[in-house]
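J.: fold the stuff below for me.
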Amino acid sequence: MTRFFTDTDRLEAFSDGVLAVIITIMVLELRPPQGTALHDLLPELPAIATYALSFVFIGIYWNNHHHMLRASRGIDGRAMWANLNLLFWLSLVPFATAWLGRNPQASGATAFYGFVLLMCAISYSILQGALLRVNGRDAPFAKAISVDVKGLASLALYVAAIAAAFFSTFVSDAIFIIVAVMWFVPDRRFEPLINRLHDNGNFDLS
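T.: You can find the predicted model right below:
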């Protein structure tokens with residue numbers, strides 16, 4: 001059996017911790033209204049909606065990140081740095097969320113939110129490429145990521161949302177929601193590979 005550099009469990013545990021902190025920071029940015037009536041919540045609805053959208057995006061990354069690491073034979077130093085790069089951009093999501101939540105119709109805040117999401121998507125692709133080098137281009141992992149329609153579509157949609165922000169923030173918001181809905185179903189490409197791993201009890205797959 002081929003020997004690989006590092007097991008993925010520690011990397012996944014570290015990433016899970018960072019994502020949990022990111023969600024915590026986001027919810028702490030929400031401020032309750034001064035009043036006690038239900039209508040006092042109305043001015044806070046944009047912030048709550050932006051938080052909910054960002055929460056979904058973080059959940060999507062957590063879910064797909066878990067599946068991708070479970071499907072990988074291991075990691076190396078390059079993959080670890082690629083993972084840190086992904087976590088860096090994800091850590092900016094609370095800042096972008098707070099800015100957009102306070103300024104829901106501002107083109108700058110909307111464009112920056114889209115930019116952060118775009119960089120998260122690019123960073124995820126970089127991590128995927130780093131794991132491909134670990135597994136090899138003839139490995140089942142390579143076959144699982146050979147078709148990435150949703151990934152490419154997401155990159156194009158984020159670019160469109162950034163451009164649209166300077167003309168209509170409503171269009172940008174709609175694009176963000178479309179991407180979230182598109183990824184709401186977990187990435188199924190890795191599930192057959194993970195199932196084979198559990199059935200065989202090792203990564204000696206062909």
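
J.: any idea how far the closest residue to I178 other than its chain neighbours is from G114?
T.: Of all residues not flanking I178 in the chain, L157 sits nearest, at 6.6 Å (C-beta to C-beta, 6 or more residues apart in numbering). For every residue, glycine as well, the C-beta is placed using N, CA and C. As defined by C-beta to C-beta, to the nearest Å, L157 lies at a distance of 9 Å from G114.

J.: state which helix of this structure is the longest.
T.: helix 107-135 (DSSP state H).

J.: what helices or strands is the next helix or strand after that one leaning on?
T.: Scanning forward in sequence from helix 107-135 by DSSP states H and E, the next helix or strand is helix 140-144. With contacts defined as 3 or more C-beta pairs under 8 Å, 6 or more residues apart in numbering; DSSP states H and E, helix 140-144 has these neighbours: helix 45-71, helix 107-135, helix 191-200.

J.: ranking the ones you listed by burial, who's on top?
T.: Greatest average neighbour count among those goes to helix 107-135 (a mean of 21), per mean count of other C-beta atoms under 10 Å.

J.: low-scoring stretches of the chain, by residue?
T.: The model of the chain has pLDDT under 70 over residues 1-6, 186-188, 191-206.

J.: show me the contact partners of stretch 114-124.
T.: Residues outside stretch 114-124 that contact it (C-beta atoms under 8 Å, 6 or more residues apart in numbering) are 57, 61, 64-65, 82, 85-86, 88-90, 92-93, 96, 151, 154-155, 158-159, 161-162, 165, 172, 175-176, 179.

J.: filter these down to the ones in helices?
T.: Judged by DSSP H, the contacts of stretch 114-124 include 57, 61, 64-65, 82, 85-86, 88-90, 93, 96, 151, 154-155, 158-159, 161-162, 172, 175-176, 179 as members of helices.

J.: any shared contact partners between L157 and G114?
T.: I175.

J.: ok, for the most centrally placed residue in the chain, nearest residue in space, not its chain neighbours?
T.: Of all residues in the chain, the one closest to the mean position by C-alpha atoms, centre = their mean is Y61, 3.1 Å from it. Excluding the flanking residues, the one nearest Y61 by C-beta to C-beta, 6+ apart is L90, at 6.3 Å.

J.: how many neighbours does the one you found have?
T.: L90 sits with 24 neighbouring residues when counted by other C-beta atoms under 10 Å.

J.: wait, it touches W62, no?
T.: No - applying C-beta atoms under 8 Å as the test, L90 and W62 come out as separate, 9.4 Å apart.

J.: what is in contact with the two at once?
T.: Common neighbours of L90 and W62 (C-beta under 8 Å, 6+ apart) are L19.

J.: buried among the contacts of stretch 114-124? Make that a PyMOL selection.
T.: Buried members of those, defined by 16 or more other C-beta atoms under 10 Å, are picked up in PyMOL with:
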select buried, resi 57+61+64+65+82+85+86+89+90+92+93+96+151+154+155+158+161+162+165+172+175+176+179
